[in-house]
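Q: return a 3D structure for these sequence lines:
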Amino acid sequence: MRQNIIESRTNWTAFVKTEIFTNADDFIEACDDQGKFFDIIFTDVFMPKKGAPYGTDSPEEGAIRIKKWLKQKRDSDEEYKYVQLRWISRHSHVSPFIHEHINIKDYSWLQWISHHDKETFATIDFPNAVETAIYMALAGNVDVEKPSNIIFESPAMMKVIDLVERIAPTEMTVLITGESGTGKELIARAIHERSARNKARFLAFNCGAVPQSLLESELFGHLRGSFTGAATDKKGYFRAAEGGTLFLDEIGDMSLAMQVSILRALQQGEVNPIGSSIAVPYNARIITATNRDLKEEIKAGRFRDDLFYRIQTIEIRLPSLRERPEDIEPLALHFLQKFAQEYNRGLLTISGEAMTALKSHHWEGNVRELETVMERAAVLTGFNGEVRINNLPPVLQTDKRNESHLGVLTPDELLYYNALKQNDFNILKTAESLNKTRQAVHKYINDKNGSGFIHPTLRRLYQDGVEMKKIRAEAVVKSEQKTIPPPASTVLESDF
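A: Coordinates of the predicted model:
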C-alpha cells in the first residue's frame, strides 16, 4: 500500500522510484555490497529480523539497527549526507519507544509518522516525507532568482532565498526562526508566493498578540451560542486560509494546552470548532515562526517536543542584521525612498557620515529597527534633502563615542553600565542584579554636585540606551498592528 502511495503520484518535483525490503539485513546488504542508494528510507518500527515472520516485535533488529547504520554512513560518507529516515507505526503504544530513541539532534534526518487514519497517512504524512527527501536530494542544485521584494546583498540571505526557492513548490511544514525584526513574515510570504497555493489567501496570525483564552476560537472557529458573545458562527484562521497558507508567528508563545490542539490539527488535517463535536477538515499549508530557542523551551518544559518535531520538517534560520552588514545600506536606501514617497519628501539621499553611523550601529532590533530609524529620518529631512547625522536617533549619533567613552569609565561606573545594558536599561532589574535598591541606582546615575552630574558619561550612555529601547518598542508595536487579527466587528463571516 505504501509503495502505491508513492508511485501512483504524478506531481512529485522529481522522478521517484521505490524498492521493498522485508528486513534490515537485506537492505543493508543491498546498499553496502550491491551499491544501491536511496534518498529516503521508510522503516516499520517493528520490522522483523531476517527469516522471522512479519509482526515479530524486534525494533532492535530493524528500526534501531537501520538508524545506527545510517548514522554511521552520514558521518563517514558525503553521499549519504542528505539521506532521510522515517520510522513508521500505526500503533499508538510505540510513542514512548520512539521518543526514547529519537532526540532533537537526530531530527534533521530522522522522524516518525504514526496514524490510525489511513487517509491522513496517505494524503499528508507520506507525501510530505517524500517531498522532504526530494528537497534534501536536490540540495545545492537549484538556480536561485533573487526576489524583487526582498532587499539583500549578503551571502547569508542568499542561502535563505535558496532554501525558499527549493521548498516553496512542496507541501512541507516550515519553521522560520530568528530574532525579532529579521523579517520572518516576509520569508513566509515569499514561500507562499512561489508555491502552487499562490492564487489563494496568505493569512498571518501572531500567536503572542492574542490572549491565550481567545486563541482556540481565533484559530479553529466556534459555533453560534457556544459561549457568551458568540453571536454568529466563526470559521477561524485554519479554515479561512482554505487552499492557501496560514502563517503562525511566535508559535513559541502558546500555552502547553494550546500546543496540544495545534499538534492534533497538524497531525489530523482537521480542527474542532468550539461548541462542535464534529471535526472539520481544512486545506492550508502551515508555516510557523518563533524568535525563541525551541530546544531550550523544550528543556524548560514550556514547549512540547512532539509539536517541535511536527513543525520542524524544514527550518529556515534568518540571520540577524548584525550577521549581514552588507544589507544595511541597500535596506536603508529602500526604506528611505519608501517613506520619502509616503511623506511627500521627494528624492532623499543619505550623507556619508550618516551612512557610516548606520553601518556601525549594533541593530539589536534588526531590520524592523532600521525601518523605524529611516522613517524618522525621512520625516525630519526636508524636501529633496539629504539625511544627515543629526536626523538620526541620538543613540546612532553617539554609537562611536559610546565605544570610546567606555574606556574612560571608572571600574564602578563600568559595573553599573554593564548591568544596565544586560537588563535592557531597566533600573529596577539593574538594581536587583546589583543587589541594590532602585533608589540607589537611580541616584547613582542622576545625582548632581555643584558642577553638574557626578557621572555625566554614564548618564548619557544610559539615556542613549533608553532612547534605543523606545525606538525598538515602537517598531514592535507597529509590526504587531499588522498581524493582530482585526476586531470581530470588521471580520466578515464569509471570510472567517
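Q: look at Thr163 and tell me its secondary structure.
A: Wrong residue type there; residue 163 is Leu, not Thr. At Leu163 the chain is in helix, as set by DSSP: H, G, I helix; E, B strand; the rest coil.
Q: contacts only, for it.
A: Listed by C-beta atoms under 8 Å, 6 or more residues apart in numbering, the contact set of Leu163 reads 314, 316. In short, each C-beta sits where N, CA and C put it, glycine included.
Q: neighbours of Glu364, how many?
A: Look at Glu364: counted by other C-beta atoms under 10 Å, it has 16 neighbours.
Q: name the helix or strand for it, please.
A: Using DSSP states H and E, Glu364 falls within no helix or strand.
Q: tell me if Trp69 really is in a strand.
A: No. Assignment of Trp69 by three-state DSSP gives helix, placing it outside any strand.
Q: you'd agree Arg459 is in a strand?
A: No. Counting by three-state DSSP, one finds Arg459 to be helix, located in no strand.
Q: following the least confident helix or strand in the chain by mean pLDDT, which helix or strand comes up?
A: Ranking every helix and strand in the chain by mean pLDDT, DSSP states H and E puts helix 399-405 at the bottom, with a mean of 48. Past helix 399-405, further along toward the C-terminus, the next helix or strand under DSSP H and E is helix 411-422.
Q: for that following helix, packing partners?
A: Applying 3 or more C-beta pairs under 8 Å, 6 or more residues apart in numbering; DSSP states H and E, one finds that helix 411-422 contacts helix 427-434, helix 438-446, helix 456-483.
Q: buried ones in it, by neighbour count?
A: Residues of helix 411-422 classed as buried by neighbour count (16 or more other C-beta atoms under 10 Å): 413, 416-417, 419-420.
Q: next, the buried residues of stretch 273-293.
A: Within stretch 273-293, the residues that count as buried by 16+ other C-beta under 10 Å are 273, 282, 284-291.
Q: name the nearest of those residues relative to Gly35.
A: The closest of the buried residues of stretch 273-293 to Gly35 turns out to be Arg285 (C-beta to C-beta; 37.5 Å).
Q: distance of that closest one relative to Pro169?
A: Distance of Arg285 to Pro169, computed by C-beta to C-beta, to the nearest Å: 11 Å.
Q: identify the contacts common to these two.
A: Here Arg285 and Pro169 share the contacting residues Ser195, scored by C-beta under 8 Å, 6+ apart.
Q: could you check which helix or strand contains Thr356?
A: helix 352-360.
Q: got a list of what Tyr416 touches?
A: With C-beta under 8 Å, 6+ apart, Tyr416 has these contacts: 430, 434, 441, 444-445, 458.
Q: identify the farthest-apart pair in those residues.
A: It's Leu434 and Leu458 that sit farthest apart of those, by C-beta to C-beta, at 13.5 Å.
Q: who's more crowded, the two?
A: Ranked by neighbour count (other C-beta under 10 Å), Leu434 and Leu458 place Leu458 first, with 22 against 16.
Q: how is the chain partitioned into domains?
A: In the domain annotation for the chain, the residue ranges read 2-117, 155-319, 323-392, 400-482 (automatic domain parsing).
Q: and of those domains, who's closest to Val130?
A: Of all these, domain 2-117 comes closest under C-beta to C-beta, at 6.0 Å.
Q: tell me the mean pLDDT over that closest one?
A: Averaging pLDDT along domain 2-117 yields 74.
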